[in-house]
Each structure stands twice: as C-alpha cells, then as structure tokens.
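Q: Kindly generate the corresponding structure for this input.
(2 chains, ligands or ions: 2)
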Amino acid sequence: MMTATRGRIDVRGVRLSFARPGIDPLPVLDGLDLSVAGGEIVTLIGPNGCGKSTLLRVIAGLIPADSGSVRLDDALIAGPDPRIGLVFQEPRLLPWRTVAANVGYPMELGGVPAPERAERVASALDRVGLRDAAHQLPGQLSGGMRQRAALARALVLEPDVLLLDEPFSALDAITRDRFNVELLKLWGRLRTTIVVVTHSIPEAIFLGDRVVVLSRRPGRVVADVTVPLAGPRTLEDLDAAAVTSAARAIRAHLDPEVEAA
Amino acid sequence: MRSTTLLTVAGGLGFLALWKAIVVIGGYPTFILPPPELVAARLVTGWTSGQIGPHAAATLVEVMLGFGVGAALGLIAGYALGRSSIVARVVSPYLVAAQATPILALAPVLALWFGPGLLGKVIIAALIVFFPVAVSAMVGIRSVDRGLLELGRSLRATRRQVLLTLEIPAALPSIFGGLRIGITLAVVGAIVGEWAGAERGLGVLVNIARGSLFDIPLMFATLVTIAGFGVTLYLVVVLFERRLVGVR
Ligand SMILES: Nc1ncnc2c1ncn2[C@@H]1O[C@H](COP(=O)(O)OP(=O)(O)O)[C@@H](O)[C@H]1O
Ligand SMILES: [Mg+2]
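A: Numbers count the residues shown, from 1 in each chain, chains lettered A, B, ... in the order given. Ligands and ions are numbered 1, 2, ... in the order given. So this is what the prediction gives:
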C-alpha cells in the first residue's frame, strides 16, 4: 500500500494571470508557495475569487502556471496526472451513466479491463457508502449522494493526492458535518495527501492538520496555522480552547467580508 | 400512456368522420374527393394487385439512402461546426443560402444532370435532410457541459474518448431532434425528386393515377401510403432514440 511519505506536494513561486480580451490580464496567483507533506491534510481558506480553485487546477496540472513550479514527490507536474484525484465543487457526473459507470469512468479511459473495473468500482462505492445506489442514474440521487459518487470516482484510481474544491459546500450544515467526519475516517484508512478548499473556518480547522489562509486576489499565502488537535477528531474537539485561538488567528488574516459569510 | 394512445386513435377516427361528413354534406363526386372507405378499399386492392408495391419500394430505397447519406454528412458537418467557431463562421452563410434555395427549384436541375434514376432522388433527399441534422448536431456538440470536458481533461481522455464518451452522448438528444425532422423531410425530398422526373416511385404513381389512369381513389391511396411511410419511419427513429437516449 501507500507509505506516508508519498504524495508530497511542493508549490514554488507560482504566478498566474488570466488573459482578458481588450484589457490587462487578471493576476490571480502571485508567487504562491505551498508545501504539503505526504499524508497530510491541508485546508485552504480565503476570500471569494482569490484563486483557490485556480490553485487546485494548477496543482492538478489542468492549467499551466505562467512561472514557478508544482512538484509531486520531486517530479514536475506538467499536465493531468493519475496520481492526483480531483473533486470539483459540483459532482460533474455523466448524467446518462449509472453511478457505477460514472465511478468506473476513469478506469475505462485508462483501459482497465472490465472485470477488474467492476471489482474496484464495487469497493470504491463501499468506501463511500453508495453500494445500493450503484445502478441508479445521478438524476435520481440526492446532492449528497452525488458528491459521494464524485468522491468515489476520484478514489478509484487510488491516487496519492486528493484535491477537493469546496466538496460539500452545496450540502446542508448537518449533512456536511457528517460528510466531514466520514472524510476523516476515509483518510484514516487511505492516508492520502488531501488539499481541501473550504469557506468555513470551523470546517477548515476540523479537517486540516494545517489551515493555509490566502490573501485577496492575487492570491498569496498570508498565514499557515497548525491545528492543535492530535489523534482522531470528533466534532466536539471544535469546542476546545486551543481550537478557539486557532480560529482567532485564522480570522485575523481573513478579510472582514469573508468572516461575515 | 394508455390514455394518450386512446386520444391519438380518437383523433384519427374524428379525422375520418370529418372527411366522410364533408363528402356526404358537400355531395362531392369521387373524382374530386372519394370517401374514406373507398380509399381504404383501393389501398387494399392497390397493394394486393401489385400496383402500389413496386412504386413504394422505389420510394423507400430513395428515402433510406437519402436519409442515410444526408444524416451522415449532416452529423460530420455539425460536429465540425460545433467544435470550431472558425468553421462555423466561414461555412454557415453558405449552408443557410443553400438551405434557403427551395428544393422544388433545385429538383429539375438535378433531374437534368442525373437523369430519371435513383441517384438524383437520393441527392435531393440527402440535401433536404442535411441541414436540420447538421444544425442539431452543432447545437448538441456545443451544449456539452464545460465542466464535463474539464473532467475528461483531468482524467487524460484522448480526443477520441472525449468524442465517444462525452460529446456524442451529450449531443444525442439534440441530434435526434434533427433526425426526427430529417426523416420526414427525406420522404418529402424523394417525392419532390420523383415529380421532377422519374420512372417509378409513389410520387410518380400519384401523377399516373391522376393523369393517364384517372383513378382518383388510387391517388388518395398513394397519398395515404406516403403518409404511412412518414409516420412509420418517424416512429423507427423515435424507437432508436428511446434505445440510445433513454431516460435521463
Ligand atoms: N478560466 C478562467 N478564465 C478567466 N478568469 C478566470 C478563470 N477561472 C477563474 N478566473 C478568475 O480568476 C479569479 C479566481 O478564481 P477562482 O480560482 O475560481 O477563485 P476562488 O476559487 O478562490 O473563489 C476570479 O476572479 C475568476 O473570475
Ligand atoms: Mg472556487
């Protein structure tokens, strides 16, 4: 299986702007540095539009940086990489395929033979608790189930790194708490490196070993707060005094408008 | 489901009743408007005597070939138009111009060039099928969710895989909209082609029945046959659509 040292991410001096017709390019990432150890969970938090999703896309090899580099275990990321699993804010399931066929999609593209595919789909669906929905179409599922299916799809290639872009933001608060607990359980078994973007300070603290705070656009790292919680977490941990002070530290670096959101 | 089928049948019966009523009340002679039962009887004898069959077969071949060729070219063109805005900008005006030229005016020219055989009819049917299929394919390809395309890219899908697993499935509902229109137009195209000059076909039979035979019930029986072709072929397309698109 996986050793904890795999899945180390190094983002060095990444600069990126988007071309805009007629006007100056829009600078989105401004010399951003970020290191994530293998098997670590880092949560990214920052104002709306500061470049969090863009950063995940750069790490995933979907957008090339203008300058700077992204390395995974010392190898440069130059394009989409099967060692990296990406979950978007929306589930992005193929609506004409069953859940099982959606989860098997990455393997189908990769040429994994059908019998092996079926086996791995079944175990991925088990992992996210979707075994009974295997033959349903996405349209028949709740939003939460769809997002689980998207997670199963990202896990099915057994990536070393999981990038999650506000994965549960469309869900209600209670479902979201439950999903976060499940995500940590899953991580406890797989020990993949996880980078997760979130809007919520409590969620960032609950999930993260570290919380990385980004500035307003163009995004830079303005704070890197280590979460003072050890061992398996429960939602009650969020009431600990150490957590409160971490939250205060994070809030101090965020713009007031985000705090209100 | 059941009740809509009933409604359809009721509508058909209502149409026949209206037809009969017009004949009776208006007192029209058979050579102007034959009553439905006479047309029905003539339809049966026309088929059993082998009078309609060969013409119907000729038309069916023209329709199928014309539809096949026109739809295939329409799909390819629609894909190119949908994928490349440059192609769309350069080619669209010509497509629209070609589409705006009445096929009725074009048919004699094609008959002149290709003679009274199969080829001219196939070309006319294909021409008339091409446009709706091309437009629907273009719209369908453009409708592919950008998020799904990005997903495909993140999973390192090849061009071919993107086409087969994302673009085509996403475009299918729209494409079938074009195919439904196309199949009915293919029938129109074949008949128009036959009118412009042919030795065989249902369009020819309409002319023969009205002219040299002066068999007006046969003429109507032929029209019924043409309509029947249209409906049947349309239903075949719908059946394929159910198979391929299903419920989403
Ligand atoms: N493909 C793109 N082309 C042009 N501008 C983009 C693109 N993607 C994102 N942007 C812009 O870049 C900025 C950062 O976007 P994003 O990374 O999605 O922010 P966040 O996820 O932090 O809310 C936004 O202003 C957004 O409008
Ligand atoms: Mg975002």
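Q: For the rest of this, base every contact and every neighbour count on C-alpha atoms.
A: Will do.
Q: In chain B, what residue spans correspond to strands?
A: Ranges of strands within chain B: none, based on DSSP state E.
Q: Farthest from the middle of it: give me that residue.
A: residue B:154 (40.9 Å; CA atoms, centre = their mean).
Q: Count the residues that sit near the closest residue to that residue other than its chain neighbours.
A: Nearest non-adjacent residue to residue B:154, counting by CA to CA, 6 or more residues apart in numbering or on different chains: residue A:80, 5.2 Å away. A count of neighbours around residue A:80, defined by other CA atoms under 10 Å in any protein chain shown, yields 21.
Q: For residue B:68, list the residues it contacts.
A: By CA atoms under 8 Å, 6 or more residues apart in numbering or on different chains, the residues touching residue B:68 are residue B:126.
Q: Residue A:60 is in contact with residue A:82, isn't it?
A: No. Using CA atoms under 8 Å, residue A:60 makes no contact with residue A:82, being 9.4 Å away.
Q: Mind checking which of the two has more residues around it?
A: Between residue A:60 and residue A:82, counted using other CA under 10 Å, the more crowded position is residue A:60 (26 against 19).
Q: Give me the distance between that one and residue A:85.
A: According to CA to CA, to the nearest Å, residue A:60 stands 8 Å off from residue A:85.
Q: And for residue A:75?
A: 17 Å.
Q: now swap in residue A:239 and tell me
A: 32 Å.
Q: just residue B:230 next, same as before
A: 50 Å.
Q: Please apply the same query to residue A:33.
A: 21 Å.
Q: ok, those two, which is more surrounded?
A: residue A:85 (25 against 16).
Q: Tell me the residues of chain A that contact chain B?
A: A:60-62, A:80-82, A:86, A:92-96, A:106, A:109, A:137, A:139 (CA under 8 Å from any CA of the partner chain).
Q: what stretches of chain B score poorly on pLDDT?
A: Residue ranges of chain B with pLDDT under 70: B:1, B:247-248.
Q: in it, what residue is nearest chain A?
A: Closest to chain A within chain B is residue B:154: 5.2 Å, counting by CA to the nearest CA.
Q: any idea how far residue A:148 is from that residue?
A: The gap separating residue B:154 from residue A:148 is 18 Å, by CA to CA.
Q: And for residue B:80?
A: In terms of CA to CA, residue B:80 sits 36 Å off from residue A:148.
Q: Which one's more surrounded, those two?
A: Neighbour count, other CA under 10 Å: between residue B:80 and residue A:148, residue A:148 has more, with 23 against 18.
Q: which helix is the longest one in chain B?
A: Criterion DSSP state H: the longest helix present in chain B is helix B:53-83.
Q: burial measure for residue 228, as a count.
A: No chain was given, so I picked chain A. Neighbours of residue A:228 (other CA under 10 Å): 15.
Q: wrong chain, I was asking about chain B
A: For residue B:228, using other CA under 10 Å, the count is 12.
Q: what does residue B:63 give?
A: Residues lying near residue B:63 (other CA under 10 Å) number 30.
Q: That one reaches residue B:125, doesn't it?
A: Yes. Counting by CA under 8 Å, residue B:63 touches residue B:125, with 6.5 Å between them.
Q: For PyMOL, write the select line for the buried members of the residues of chain A next to chain B.
A: Here is the PyMOL command that selects the buried residues among the residues of chain A next to chain B (16 or more other CA atoms under 10 Å in any protein chain shown):
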select buried, chain A and resi 60+61+62+80+81+82+86+92+93+94+95+96+106+109+137+139
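Q: Report the set of residues contacting both of residue A:60 and residue A:85.
A: Shared contacts of residue A:60 and residue A:85 (CA under 8 Å, 6+ apart): residue A:163.
Q: Low-confidence ranges, the stretch 101-250 of chain A, go.
A: Applying pLDDT under 70 to the stretch 101-250 of chain A picks out residues A:231.
Q: Residue of it closest to ligand 1, please.
A: Nearest to ligand 1 in the stretch 101-250 of chain A, going by CA to the nearest ligand atom, is residue A:217, at a distance of 7.0 Å.
Q: So what does that residue look like in phi/psi?
A: Reported as degrees, to the nearest 10, the phi and psi values for residue A:217 are phi -60, psi 140.
Q: Let's verify the residue lying closest to it once chain neighbours are set aside: helix, strand, or coil?
A: Closest residue in space to residue A:217, ignoring its immediate chain neighbours: residue A:50 at 4.1 Å, by CA to CA, 6+ apart. Recorded secondary structure, residue A:50: coil (DSSP: H, G, I helix; E, B strand; the rest coil).
Q: Let me see the confidence value for residue A:50.
A: For residue A:50, the model assigns a pLDDT of 92.
Q: tell me the contacts of it?
A: Here residue A:50 is in contact with A:28, A:29, A:214, A:215, A:216, A:217, A:218, A:219 (criterion: CA under 8 Å, 6+ apart).
Q: Please, which helix or strand holds the most centrally placed residue in chain A?
A: Geometric centre of chain A, nearest residue: residue A:164, 1.7 Å, by CA atoms, centre = their mean. Per DSSP states H and E: residue A:164 is located in strand A:161-165.
Q: For chain B, what lies in contact range of chain A?
A: Counting by CA under 8 Å from any CA, chain B comes close to chain A at B:147-148, B:151, B:153-157, B:161, B:166, B:169, B:245, B:248.
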